[in-house]
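Trainee: here is my input, please return the structure:
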Amino acid sequence: MVGVEKRISSASLVVEKGHGEALYHLLKEKKWLNPKMQPKETANGFLAIPINEKCPITEVEINAFLNRDAIGIRFENVILHSSPPSVKPHSRLQESITRWLEKNLEIGERKSKAEVMAELMSEVPTKWERLGDLILLPQTAFESKQWSAIISDKNQLSLWKCIAEALKAERVGRQKNIRNDVERSSQAQLLLGDSSWVELLDYGVRFGFDACKVMYSSGNVTERHRIGNMDMKGETIIDCYAGIGYYTLPMLVRGGAKLVHACELNHHSITALEWGAKANNVSDRLIIHQGDNALTMTKLEGIADRCHLGLLPSSQSAWKLAIACLKEKGGTLHIHMNVEEEKIEQWINSTIHSLQQYVIELKRNYNVEVLHLEKVKWFAPRVRHVVLDVEFIHYD
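Mentor: Numbering: from 1, shown residues only. Now for the predicted structure:
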């Protein structure tokens with residue numbers, strides 16, 4: 001019958017609600033979710049998450065993937081609601097803006113309404129960034145001469161509201177070019193809403209930041225999760241470009257790092273990092289060094305088990321400083337870089353050569369070995385954002 005919601009007994013993982021989001025994202029990432037059923041809150045603060053036949057069947061396996069001690073997961077058959085049919089947000093946006101244009105479009109004599117509508121709708125963005133209840137549109141969205149001629153002080157608020165409603169958001173903003181300064185400040189513009197402060201819970205880690213003042217890259221989510229999955233218990237780590245704690249916080253919260261020294265220049269990012277540390281109860285394991293890392297890292301020589309170099313397009317200016325920060329016994333560097341796809345192998349070889357030269361200059365007894373290359377995402381046509389994990393092993 002149309003309109004009757006089905007309830008079906010479904011194999012589920014049941015976990016305390018506090019661990020629910022991290023477990024849900026793990027299952028989604030591993031393609032172990034049952035997309036036909038909806039998660040359900042059960043008695044006593046637990047969450048039942050539907051799984052498919054590919055999901056591991058032991059609690060030990062699940063906890064190993066979550067990289068944490070046992071959190072009380074159990075397997076049960078639970079009566080769940082079937083998921084409603086999905087409606088693509090692109091379709092909702094197109095329909096909503098079409099209705100807005102019908103009310104606000106005035107046609108001259110040169111073109112028909114249908115022609116103008118088609119031209120305008122061809123410029124409606126197909127991609128955007130969602131940060132909680134804030135949608136950030138691309139910087140060119142609704143900025144063309146044709147759109148500017150239609151949008152006025154009187155009707156622009158109704159346009160932003162129609163976009164928010166279509167995309168199920170409360171606030172709308174528009175990306176701007178990153179300011180060409182040493183802090184690489186965000187210049188996003190808030191179009192709808194009273195505040196650009198955003199709070200997110202991602203894979204069990206809480207982030208808070210001002211989206212109009214600092215950068216946050218949703219596209220690097222797989223790398224953030226990869227770093228957080230590493231066992232860093234007992235380690236002292238230096239995050240050479242900490243930002244809002246994009247990697248610092250997962251290393252502390254999920255990786256279990258003993259101590260992270262976070263180097264950061266932008267005071268807005270530091271405000272966000274301090275908020276995140278407090279929200280995740282890791283302030284006692286974080287030391288923030290404000291200022292140019294060319295100066296702050298010189299005070300951290302010989303203390304680190306691991307250094308994270310997360311600056312794009314290149315972090316090479318800090319490679320030698322990072323090696324100097326490693327303990328005498330050695331350690332690991334995570335080096336981010338934008339590299340043309342066909343030149344990745346060449347870049348790896350040249351990077352190792354450069355690191356070996358720095359080792360000689362620093363008079364360290366290290367062998368330099370590649371641990372892993374991670375291809376994070378396409379940064380531009382033919383250009384990859386990659387991360388090279390490099391191990392430095394002491395020899396006598």
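Trainee: return the helix or strand in this structure with minimum mean pLDDT.
Mentor: Lowest on mean pLDDT, DSSP states H and E among the helices and strands of the chain sits helix 59-66, with a mean of 66.
Trainee: which parts of the helix or strand following that helix are buried?
Mentor: Remark: after helix 59-66, the chain's next helix or strand is strand 74-81, criterion DSSP states H and E. For strand 74-81, the neighbour count (16 or more other CB atoms under 10 Å) marks V78, L80 as buried. C-betas here are computed from N, CA, C, even on glycine.
Trainee: K327 touches D305, doesn't it?
Mentor: Yes: between K327 and D305 there is a contact under CB atoms under 8 Å: 6.2 Å.
Trainee: C-terminal to the longest helix along the chain, what's the next element?
Mentor: The longest helix of the chain (DSSP state H) is helix 344-361. The first helix or strand that comes after helix 344-361 along the chain, using DSSP H and E, is strand 366-380.
Trainee: quick one: buried residues of that following strand?
Mentor: Within strand 366-380, judged by 16+ other CB under 10 Å, the buried ones are Y366, V368, L373, E374, V376, F379.
Trainee: repeat for stretch 248-259
Mentor: T248, L249, P250, M251, L252, V253, R254, G255, G256, A257, L259.
Trainee: separation between the first one and K299?
Mentor: Looking back up the chat, that one is T248. Look at T248 and K299: by CB to CB, to the nearest Å, they are 18 Å apart.
Trainee: do the fifth one as well
Mentor: Distance check for L252 against K299: by CB to CB, it reads 21 Å.
Trainee: how about N293?
Mentor: From N293 to K299 the distance is 10 Å (CB to CB).
Trainee: which one's more surrounded, these two?
Mentor: N293 (24 against 10; other CB atoms under 10 Å).
Trainee: which ones are touching N77?
Mentor: S9, S10, A11, S12 (CB atoms under 8 Å, 6 or more residues apart in numbering).
Trainee: weed out the non-buried ones from those residues.
Mentor: S10, A11, S12.
Trainee: just give me the least confident of the residues you listed.
Mentor: Ranked by pLDDT, those bottom out at S10 (79).
Trainee: can you verify my assumption that that one contacts M37?
Mentor: Yes: if you go by CB under 8 Å, S10 and M37 touch, sitting 4.7 Å apart.
Trainee: what touches both of the two?
Mentor: P50, L80.
Trainee: check contacts around the closest residue to L201 other than its chain neighbours.
Mentor: Once flanking residues are discounted, L201 sits nearest to E21: 5.6 Å by CB to CB, 6 or more residues apart in numbering. Counting by CB under 8 Å, 6+ apart, E21 touches L201, D202, Y203, G204.
Trainee: will you turn those into a markdown table that also has neighbour count, distance to A48 and secondary structure?
Mentor: Shown next, in a markdown table, are the contacts of E21 (neighbours: other CB atoms under 10 Å; distance: CB to CB, whole Å; DSSP: H, G, I helix; E, B strand; the rest coil):
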| residue | neighbour count | distance to A48 | secondary structure |
| --- | --- | --- | --- |
| L201 | 13 | 19 | strand |
| D202 | 18 | 22 | strand |
| Y203 | 20 | 19 | coil |
| G204 | 20 | 18 | coil |
